[in-house]
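K.L.:
Give me coordinates for this.
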Amino acid sequence: MSSRNSRPLNTFELVEHFLTNALEIDIKKSNYNIIPNIVTTELNIDNFDEKQITFKSRSYRNLFHRSDRDRVNLQKRIVQELLTKQRLSSDDKITLGKGGAIPNARIQQDSQAYILIGLPASGKSTIANAIADKRGAVILDSDYAKRKLPEYNSLAFGATLVHEESTEIIFGSESKNGFKSLLEEVAEYKINIIIPKIGNNPVGIIELINTLKIYNYQIHLTLIELDRKKATLRALERFKKTRRYVPLGLIFDSYSNNPTITYYNLKREKQADISSFGILSTDVAPGEKPVLVELLNNNPSEIYK
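P.N.:
Numbers count the residues shown, from 1 in each chain. Next up is the predicted model:
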């Protein structure tokens, strides 16, 4: 069973209460069909046995990539596609054989690492794309790898199923499994990188910083700031359009304002390791550019100055 650290949304009554009271949505005027869709997805996630994830088990692996040997070959292929193919206009268009992490500009090899933290649906992907093209950086996003794994779209809990494997493809792990991660590949050539993260816990970002220091990267931290209610509403709208689901209670209850807290904790305690800081607010109307809130040193948020 999946562990839970946010409110359950696995009955119609619970979802109705959350949408009405937390998100202040008039469900009588909205598309009610979204409620059973949320419940079904949440139940699938709740009842999923985490021991069966593709990283550890063959149970749900695609027939053509089931053996460990075939799986390693698939992982190698995904790394090479991300390393050699240009980024597409939309992440949702990425599939095996189509789409990569290469910027739509000349790659720069300055050993610069740009970490973006913020809530799901806060606009990290759009901002990461803009910075990638401006700074010649490859985007290291486990969501890119997820979309190339064949199980991602095959089941309602596909994202959960391939989460750990996609993270290994991008960042590697202590247990070497016969291939070099995307981070290892780009670090060898000092290629600039962008890493979007939620930043829910400063410990995870500190671990990432320590890893990047091993590869001699200069590190920059940018907060993509958006209120938890608005981020949850945007995640709901994204689910309606794309069926890409992040548990709404997880955003609202667990992640909440933690990325902002993480940013200020790191700004206070890790200035020796982080070269620049910046804050961008995405609390703007659709189509409008983010608002620059804070800029310290050569932070990539300056492109919105």
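
K.L.:
what distance separates the helix or strand hosting Gln75 from the centre of its chain?
P.N.:
Assigned by DSSP states H and E, Gln75 belongs to helix 68-84. Mean-position distance between helix 68-84 and its chain equals 20 Å (Cα atoms, centre = their mean, to the nearest Å).

K.L.:
Ok, stretch 95-108 next?
P.N.:
With Cα atoms, centre = their mean, you get 17 Å for stretch 95-108.

K.L.:
next one: stretch 235-249
P.N.:
14 Å.

K.L.:
now swap in stretch 200-212 and tell me
P.N.:
15 Å.

K.L.:
Just the C-alpha atoms of it, please, in CSV.
P.N.:
C-alpha atoms of stretch 200-212 as CSV (Å, rounded to 0.1, in the frame of the first residue of the first chain):
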residue,chain,number,x,y,z
ASN,A,200,9.5,20.3,-0.2
ASN,A,201,12.4,19.4,2.1
PRO,A,202,15.7,21.3,2.3
VAL,A,203,17.6,18.0,3.1
GLY,A,204,16.9,16.8,-0.4
ILE,A,205,18.1,20.0,-2.0
ILE,A,206,21.2,19.9,0.2
GLU,A,207,22.0,16.4,-1.0
LEU,A,208,21.6,17.5,-4.6
ILE,A,209,23.9,20.5,-4.0
ASN,A,210,26.5,18.1,-2.5
THR,A,211,26.3,15.9,-5.5
LEU,A,212,26.7,18.8,-7.9
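
K.L.:
buried residues in the helix holding Gln75?
P.N.:
Neighbour counts over helix 68-84 (16 or more other Cβ atoms under 10 Å) mark Arg71, Leu74, Gln75, Ile78, Val79, Glu81, Leu82, Leu83 as buried. C-beta here means a position set from N, CA and C on the backbone, and glycine is covered the same way.

K.L.:
Tell me the first helix or strand C-terminal of the one helix or strand Ile261 maps to.
P.N.:
According to DSSP H and E, Ile261 maps onto helix 258-269. Heading C-terminal from helix 258-269, the first helix or strand you meet, by DSSP H and E, is strand 274-281.

K.L.:
the inter-axis angle of that following strand versus helix 258-269?
P.N.:
150 degrees (axes from the mean of the first three to the mean of the last three Cα atoms, to 10 degrees).

K.L.:
Against which helices or strands is strand 274-281 packed?
P.N.:
Where contact means 3 or more Cβ pairs under 8 Å, 6 or more residues apart in numbering; DSSP states H and E, strand 274-281 is packed against strand 218-225, helix 258-269, strand 291-296.

K.L.:
No further queries at this time; thank you.
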